[in-house]
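Asker: Below: sequence and its predicted model.
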Protein chains: 2
Amino acid sequence: MRLGLLYSGGKDSTLAALLLEDFYDVTLATAHFGITDDWEHAERAAERLGLPFERLELDESVAADAVDRIREDGFPRNGIQRVHLAALEALAATDEFDAIADGTRRDDRVPTVSRAQAQSLEDRHDVEYVAPLSGFGRGAVDRLVESTLDVTVGPSEEIPRADYEAELRAKLLAEEGPGAVAEYFPDHDQTHVTGRR
Amino acid sequence: MRLGLLYSGGKDSTLAALLLEDFYDVTLATAHFGITDDWEHAERAAERLGLPFERLELDESVAADAVDRIREDGFPRNGIQRVHLAALEALAATDEFDAIADGTRRDDRVPTVSRAQAQSLEDRHDVEYVAPLSGFGRGAVDRLVESTLDVTVGPSEEIPRADYEAELRAKLLAEEGPGAVAEYFPDHDQTHVTGRR
């Protein structure tokens, strides 16, 4: 069975790949808008894992809508949620996969995929949606990452990664300058996977 | 990391074991009340999987409460849910494991473990609770079972298994006769795992 996994090069989506790789032919798919080349970080992480990689180009209107939402809200959560759902839709719509997946965890506030959203995706696209980490809390994920992956950790702006946030930050930076990025995106540490243990 | 997985010998808990075995030292733990010897079916399934097995004896008052609840309700759902939560508590309380797990699926109506219940278990027992199938729907589970396990399928009363239902049925049968079992437990097919593919 072919499975496409939304992939950022971060620890969650990498751990999701390890959980799935014995059961599916996993392709790591990184969604991007063509704003930056940050998807290349995910491609390199995929090479180090030894799993096939592909880019999933999303319409730039998805980024524009997300940035508008972030500006309105004053925080990124709902904007990022929109992009994630759009990425799952786009991945399902490629018709390349029997199953699609992401790295959402039990305790994630964003992105989240409700049971109803999962069922709707599956029914409309005749695909299975699986979220292998959705039954793992933060502590369990951290311990599994520690035992299976080599990672680097640091502030968002210094860690190479390919999640939606990087491109949305770049778009905000271009449109409104560094103040807007600092205002809307609170400081938090990110991880980037450098290899398997 | 040592993980105890609530195990019935059925397809869901067996698939959960396969998903976890590369990441944890998995012990299959079958909860029972000492009403019947049905736990032996789970022990045999565990032997065929090549994973360590242990019995988890629950107080018979748990079965008595569950049967009372099933009688009151006229259907087994809430009674089985109680037993499942009691089994998770008992498994966590053994203090043998860094993590405990079960085979609950995304679409299960029962048993279910809410995010709040999971967090409470983890906090009170200093253990991780993981539900590796909770991000998989019925279709995805069925396809994975097909590709990884040999199973037999048949009506509940003919399939050897070791879930709580078997003992609760036996208790009802002893107390009220076959009519009560037929009344409270609707016909449905069960699966029993006979080996890995």
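Answerer: Perfect, I can see it now. Residues are numbered from 1 along each chain as shown, chains lettered A, B, ... in the order given.

Asker: Just give the closest residue to residue A:162, not the sequence neighbours.
Answerer: Once flanking residues are discounted, residue A:162 sits nearest to residue A:42: 3.7 Å by C-beta to C-beta, 6 or more residues apart in numbering or on different chains. In this view, the C-beta of every residue, glycine as well, is placed from N, C-alpha and C.

Asker: Tell me how many other residues crowd the one you found.
Answerer: 29 (other C-beta atoms under 10 Å in any protein chain shown).

Asker: For it, give its distance to residue A:163.
Answerer: 9 Å (C-beta to C-beta, to the nearest Å).

Asker: anything in contact with each of the two?
Answerer: Counting by C-beta atoms under 8 Å, 6 or more residues apart in numbering or on different chains, the common neighbours of residue A:42 and residue A:163 are A:8, A:9.

Asker: Quickly find the element holding the residue nearest to residue A:162.
Answerer: Using DSSP states H and E, residue A:42 sits within helix A:39-49.

Asker: which residues touch that helix?
Answerer: Outside helix A:39-49, the residues touching it (C-beta under 8 Å, 6+ apart) are A:7-9, A:14, A:17, A:28, A:30, A:32, A:52-53, A:55, A:160-162, A:192-196.

Asker: now do stretch A:131-148
Answerer: Stretch A:131-148 is contacted from outside by A:11-12, A:15-16, A:18-20, A:101-107, A:113, A:118, A:151, A:191, A:196-197, B:1, B:19, B:23, B:98-99, B:104, B:106, B:118-119, B:122, B:128-136, using C-beta under 8 Å, 6+ apart.

Asker: quick one on the thing from earlier: give the next helix or strand downstream of the helix holding residue A:42.
Answerer: Downstream of helix A:39-49, the first helix or strand assigned by DSSP H and E is strand A:53-57.

Asker: and that next one, what does it pack onto?
Answerer: Other elements packing on strand A:53-57 under the criterion 3 or more C-beta pairs under 8 Å, 6 or more residues apart in numbering or on different chains; DSSP states H and E are strand A:25-32, helix A:39-49, helix A:77-93.

Asker: For chain A, what lies in contact range of chain B?
Answerer: Applying C-beta under 8 Å from any C-beta of the partner chain, one finds that chain A approaches chain B through A:1, A:18-19, A:22-23, A:98-99, A:104, A:106-107, A:115, A:118-119, A:122, A:128-137, A:139-140, A:143-144, A:147-148.

Asker: hang on, the earlier thing: list the buried residues for the helix holding residue A:42?
Answerer: Buried residues in helix A:39-49, counting neighbours by 16 or more other C-beta atoms under 10 Å in any protein chain shown, are found at A:39, A:41, A:42, A:43, A:44, A:45, A:46, A:49.

Asker: That one - what's its average pLDDT?
Answerer: Confidence for helix A:39-49, expressed as mean pLDDT, is 94.

Asker: what's the answer for stretch A:27-35, then?
Answerer: On average, stretch A:27-35 scores 95.

Asker: got the buried residues for that stretch?
Answerer: Quick answer for stretch A:27-35 (16+ other C-beta under 10 Å): A:27, A:28, A:29, A:30, A:31, A:32, A:33.

Asker: Can you name the residues in contact with stretch A:52-70?
Answerer: Outside stretch A:52-70, the residues touching it (C-beta under 8 Å, 6+ apart) are A:4, A:6-7, A:26-35, A:39, A:42-43, A:46-47, A:76, A:78-80, A:82-83, A:86-87, A:90-91, A:94, A:164, A:167-168, A:171-172, A:175, A:184.

Asker: Quick check: end-to-end length of that stretch?
Answerer: Length of stretch A:52-70, first residue to last, C-alpha to C-alpha, to the nearest Å: 33 Å.

Asker: Quick check: mean pLDDT of that stretch?
Answerer: 96.

Asker: tell me how far it is from the chain's mean position?
Answerer: Relative to its chain's centre, stretch A:52-70 lies at 11 Å (C-alpha atoms, centre = their mean, to the nearest Å).

Asker: repeat for stretch A:174-181
Answerer: 23 Å.

Asker: what's the first-to-last distance across it?
Answerer: Distance across stretch A:174-181, first residue to last, is 10 Å (C-alpha to C-alpha).

Asker: which of the residues in it are buried?
Answerer: Buried, per 16+ other C-beta under 10 Å, within stretch A:174-181: A:180, A:181.

Asker: Give me the residues contacting that stretch.
Answerer: A:67, A:71, A:169, A:172, A:173.

Asker: between the residues you listed, which is nearest chain B?
Answerer: residue A:169 (28.3 Å; C-beta to the nearest C-beta).

Asker: Need the nearest residue in space to the closest one, chain neighbours excluded.
Answerer: residue A:181 (5.2 Å).
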